[in-house]
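Novice: just to be clear, the model below is a prediction. Sequence and coordinates:
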Amino acid sequence: MVHEKAMDIGILKALGASKLYIFSIFILIGVMLGLASTIIGLPLGFLITNQLNEILEFFNYNPFPPDVFYIDKLPVVYHKEGIMMIVFFINFIAIVASILPAYRASCLRPIDLIRRRN
């Protein structure tokens, strides 16, 4: 993303944007991506896990053969603590993954960025 936005970063730095400002823009993008993945992923995960047994029946797959196990359906249980951990780690990983690009973008020189148009 730093390479794609090099011209924009160069213009911002030439206009006086500080390293911290450029760094915070990229961190904010990481936070927004983490929140978007949480908003999309949690309902999708609930939808898939609620319909998991029907999906397995559709593909004619039985993970628990009746001659071996005493259950015929895959049990699905939600724990509030587990869901909260998943949400925390999704956002934590998104922020951590945005630190290196944010640092690289904040350390670039504006003249090099504007000169290198592609």
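Specialist: Looks like it came in fine.

Novice: ok now do Leu44, which residues does it touch?
Specialist: For Leu44, the contact set (C-beta atoms under 8 Å, 6 or more residues apart in numbering) is empty. Using the backbone N, CA and C atoms, a C-beta is placed for each residue, glycine as well.

Novice: contacting residues around the residue nearest the centre of the chain?
Specialist: Among the residues of the chain, the one closest to the centroid is Gly34, at 4.3 Å (C-alpha atoms, centre = their mean). Applying C-beta under 8 Å, 6+ apart to Gly34 gives the contacts 90-95.

Novice: buried residues of the longest helix anywhere in the chain, list them for me.
Specialist: If you go by DSSP state H, the chain has its longest helix at helix 19-50. For helix 19-50, the neighbour count (16 or more other C-beta atoms under 10 Å) marks 22-23, 25-27, 29-30, 33-34, 38 as buried.

Novice: ok, Ile9 touching Ile22?
Specialist: Yes: Ile9 lies in contact with Ile22 (C-beta atoms under 8 Å); the separation is 6.1 Å.

Novice: tell me which stretches of the chain form helices.
Specialist: Using DSSP H, helices in the chain cover 6-14, 19-50, 52-58, 80-107, 110-115.

Novice: in TSV, list the ones you listed along with mean pLDDT.
Specialist: As requested, the helices of the chain are exported to TSV (pLDDT from 0 to 100):
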stretch	mean pLDDT
helix 6-14	81
helix 19-50	93
helix 52-58	90
helix 80-107	92
helix 110-115	74
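
Novice: can you redo these as JSON lines with distance to Tyr70?
Specialist: Formatted as JSON lines, these follow (distance: least, C-beta to C-beta, whole Å):
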{"stretch": "helix 6-14", "distance to Tyr70": "61"}
{"stretch": "helix 19-50", "distance to Tyr70": "22"}
{"stretch": "helix 52-58", "distance to Tyr70": "16"}
{"stretch": "helix 80-107", "distance to Tyr70": "25"}
{"stretch": "helix 110-115", "distance to Tyr70": "65"}
